[in-house]
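Participant: Generate a structure from the sequence data that follows.
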Amino acid sequence: MKKIILIILVFISCAPISFGQSKNLNTDLIPDSLIQRADAVLRFSTTTYERHSASSYSMHIHKAVTVLNKNGASAARLRIYYDNNSDVRQIKGIFYSAQGREISKLKSKNIRDYASNNSYTLFSDQRVKTFSPASNNYPYTVEYSYTVDYHETAGLPIWMPIEMYNLSVEEAELNVLVPEKLDINYLSLNNDFSFRLEQDGKDKIYQWHAHQLKAMVYERNSPNFLDFMPCVLLTPKTISYEGHKGDFSNWNNYGRWGYELIEDRGVLSDESIMEIQALTDTIPLRIDKIKAVYQYMQNKTRYINITLGIGGFQPIEAKDVDSKGYGDCKALSNYTKALLECIGIESFYTEIGSGEQKEIKFPEFASANQTNHIILCVPNKKDSIWLECTNQNIPFGYIGSSNLNRYALLLTEKGGILAKTPNYTAEENSSSATITIEINESGNAEYTLKRSYRNYLFEEVFPMLPLSQKEQKKHLLSNIEADGLNINDFQLQDISNKTAIAFLEIKGSINKLAKISGNRMFFTPELFRLDPLPTFIPESRKQNIFQSQSFSKTDSITIKIPEEFDFEHIPEDISLTSVFGDYSRSFIRMDNMLTMIRKLKIHHGNYVPAQFTEMNAFLQNVNRSDEEKLIAKKNKFVIQITIKGHTDFLQRKV
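Facilitator: Numbers count the residues shown, from 1 in each chain. Sure, this is the predicted structure:
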């Protein structure tokens, strides 16, 4: 009875009261402040999570969205994900004109239902029900409501009232109904939400309300969503997933639950154990043994996603990976862990949030929705060795920029332990190049480029490594910004050992590198630049600029001009320092040869708008410096004298 009273309280407090009898949806009533920078407007949204047990809850959604233009059409798309442990019911939809008049209702026959699998998924029970309105008469409004019953769950979704860029929100509400024995932890971020907690005996209702949220526009190098998007993180204090009970009140307890899912799943056959021991017995150094095992795993397996029931959390057994030769991040990490155990080397199965928008950001707030990936941590005397087991080409000990400098959760018998993954210095994330360019009197040039890439900058060429030589050449030609570039010969090598390193060598020509005007030639010495930097930060930018990694680049460019030319204008040496980075450029001259040394260092950081003026000055000065031209003048003539069959050349200054 008390539960019924609580549910009534929720729906009394929410607008609209019932489906199809909502507030006036005339688009003229949308405030002008919510139209600015918006492609769609969320008129209202009511999200309710109702927990029934430690393993089950229901999610009720009721919302209306006005689409202002074709760019906002995706906001009106209905997408409901479910699997074998969930059921979708009571899907309703109504379509309204710009004046808020009902046009039609959603028919069940128009809802598509298909497997939500990608090309690298082998086993999955994930499906999606979807519908997209086919209207070009803007603006229009859609209203949807539906319920999803989850019979097994390890968490609650993050609530983000602004679900996408260029979407503003008139009002949105989140309600969480829980018995006290199934209580939750929560963390509200980036908004002064109106909050209320109702309690009736042993039952609770949590309520968050947001209104008049302006649309946000995508801006390059923005921080993680959780740093600026209004949201509420939720996590059950206790859960049960397919019989596996857990306590998520802190990371230690959360890790203990995860550890129980991998216990006894690292068993290998005697033959496999003997094979690994034979592989490593003659290797003297421990780190080289680890590397040999890691490369054995890479050569033997391939990545295949598995998200079937408990398989979304629990790896398939190591012996199955060993025999079948495939697995997902969970399975391949667990398999590598088992291989190392064969030779007495301990490692830890490790949960991590991987990518720009997924990360364990809150050490004091444990939740399953902060992680999405598994890697392996191998303790070492000086520092841990981290292994990314899902990529068969990634170098030993390098886990990729999507996993660097963040918290990871090591699963141990005693529970979860938070540890930071590596964070390389600018010198460790480096690229250095030696470039020689010889220009002839027509302005055409022959060049040789030799460049190395380390760690974070290794990723500039990493996607090219498995490609064919033809595909590599095509990639290079499309990414090197130099008009008239020709590649005659090139070589790209992965020379990683203890560090991720690649080496690129190119020989070729550039048509009309120098512009000829009278007896002068003009050209820009800075070539083959691939700095991932903006050239200007717009004054309208709202979000911080997040630079995930420090890095440094050093180019030594030697330019040789024809003998009959002299350098007439050489730009001055320059040195720049800013909060964002450092830059220098200097020249060394020797007769008709000139060497330019260019150094750039960018600092890791989360830069606030107050720093943009300084950053802009730095970026513009770097760009201006790189575009400065050298001028060479033809100030010699050549006299050919032939005496008794002997030819001499005399050069005279003009």
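
Participant: Please tell me how far Gly255 sits from Leu411.
Facilitator: 5 Å (C-beta to C-beta, to the nearest Å). Backbone N, C-alpha and C define where each C-beta goes, glycine included.

Participant: Which of the helices or strands spans the closest residue to Thr280 other than its chain neighbours?
Facilitator: Distances taken as C-beta to C-beta, 6 or more residues apart in numbering put Lys289 closest to Thr280, at 4.4 Å, once the chain neighbours are dropped. Following DSSP states H and E, one finds Lys289 within helix 286-300.

Participant: Let's see that helix as PDB, backbone CA atoms only.
Facilitator: C-alpha atoms of helix 286-300 as PDB (Å, rounded to 0.1, in the frame of the first residue of the first chain):
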ATOM      1  CA  ARG A 286      61.200 -11.300 -16.200                       C
ATOM      2  CA  ILE A 287      60.000  -8.400 -18.400                       C
ATOM      3  CA  ASP A 288      61.000 -10.300 -21.500                       C
ATOM      4  CA  LYS A 289      59.000 -13.400 -20.300                       C
ATOM      5  CA  ILE A 290      56.000 -11.100 -19.900                       C
ATOM      6  CA  LYS A 291      56.500  -9.700 -23.400                       C
ATOM      7  CA  ALA A 292      56.800 -13.200 -24.900                       C
ATOM      8  CA  VAL A 293      53.600 -14.300 -23.300                       C
ATOM      9  CA  TYR A 294      51.800 -11.100 -24.400                       C
ATOM     10  CA  GLN A 295      52.900 -11.500 -28.000                       C
ATOM     11  CA  TYR A 296      52.000 -15.200 -27.900                       C
ATOM     12  CA  MET A 297      48.500 -14.100 -27.000                       C
ATOM     13  CA  GLN A 298      48.400 -11.500 -29.700                       C
ATOM     14  CA  ASN A 299      49.500 -14.000 -32.400                       C
ATOM     15  CA  LYS A 300      47.000 -16.700 -31.200                       C
END
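
Participant: was I right about Arg51 contacting Pro236?
Facilitator: Yes. At 7.3 Å, Arg51 counts as touching Pro236 under the criterion of C-beta atoms under 8 Å.

Participant: Those two: which has the busier surroundings?
Facilitator: Pro236 (26 against 23; other C-beta atoms under 10 Å).

Participant: wait, the more buried one sits on Phe248?
Facilitator: Yes. Between Pro236 and Phe248 a contact is recorded at 5.9 Å, counting by C-beta under 8 Å.

Participant: give the contact list for the residue nearest to Thr280.
Facilitator: Going by C-beta atoms under 8 Å, 6 or more residues apart in numbering, Lys289 touches 280, 283, 343, 345.

Participant: coming back round to it: and for Pro236 and Phe248, which residues touch both?
Facilitator: Residues touching both Pro236 and Phe248 (C-beta under 8 Å, 6+ apart): Gly155.

Participant: on that earlier part again, which residues are in contact with both of Arg51 and Pro236?
Facilitator: In contact with both Arg51 and Pro236: 182, 184, using C-beta under 8 Å, 6+ apart.

Participant: joint contacts of Gly255 and Leu411?
Facilitator: Glu351.

Participant: Ile103 sits in which helix or strand?
Facilitator: Per DSSP H and E: strand 102-105 holds Ile103.

Participant: centre of the chain versus stretch 339-352, how much separation?
Facilitator: 26 Å (C-alpha atoms, centre = their mean, to the nearest Å).

Participant: Now do that stretch, average pLDDT.
Facilitator: Mean pLDDT, computed over stretch 339-352, is 97.

Participant: Surely Gly508 is in contact with Ala482?
Facilitator: No. When contacts are counted by C-beta under 8 Å, Gly508 is not listed as touching Ala482 (9.7 Å).

Participant: Do a quick rundown of the strands in the stretch 51-200 of the chain.
Facilitator: Remark: strands assigned in the stretch 51-200 of the chain by DSSP state E, counting those that start in this stretch are 57-67, 78-82, 86-96, 102-105, 112-115, 121-124, 127-131, 140-150, 167-179, 184-189, 194-200.

Participant: rank these by mean pLDDT and give me the bottom one.
Facilitator: Lowest mean pLDDT of the strands of the stretch 51-200 of the chain: strand 121-124, a mean of 59.

Participant: Could you measure from the residue nearest to Thr280 over to Asn185?
Facilitator: Taking C-beta to C-beta, one finds Lys289 at 42 Å from Asn185.

Participant: what does Ile94 give?
Facilitator: Between Ile94 and Asn185 the computed distance is 36 Å (C-beta to C-beta).

Participant: In terms of neighbours, single out the busier of those two.
Facilitator: Ile94 (19 against 16).

Participant: Excluding covalently adjacent residues, which one is nearest to the more buried one?
Facilitator: Ile94's closest residue in space is Glu143 (C-beta to C-beta, 6+ apart), at 4.6 Å.

Participant: The one you found against Gly93, yeah?
Facilitator: Yes. Contact criterion C-beta under 8 Å: Glu143 and Gly93 qualify, at 6.7 Å.

Participant: quick one: terminal-to-terminal distance for stretch 575-588?
Facilitator: 15 Å (C-alpha to C-alpha, to the nearest Å).

Participant: and that stretch, what's its mean pLDDT?
Facilitator: Across stretch 575-588, pLDDT averages out at 97.

Participant: now stretch 269-289
Facilitator: 96.

Participant: Do me a favour and get the end-to-end distance for it?
Facilitator: In stretch 269-289, first residue to last residue: 20 Å (C-alpha to C-alpha).

Participant: hmm, back to that, I'd like the strands of the stretch 51-200 of the chain laid out as TSV, including distance to Glu260.
Facilitator: Output for these, formatted as TSV (distance: least, C-beta to C-beta, whole Å):
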stretch	distance to Glu260
strand 57-67	22
strand 78-82	26
strand 86-96	23
strand 102-105	48
strand 112-115	30
strand 121-124	22
strand 127-131	28
strand 140-150	21
strand 167-179	24
strand 184-189	21
strand 194-200	32
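
Participant: Minimum distance to Glu364: which of those has it?
Facilitator: Nearest to Glu364, of all the strands of the stretch 51-200 of the chain, is strand 184-189, at 8.8 Å by C-beta to C-beta.
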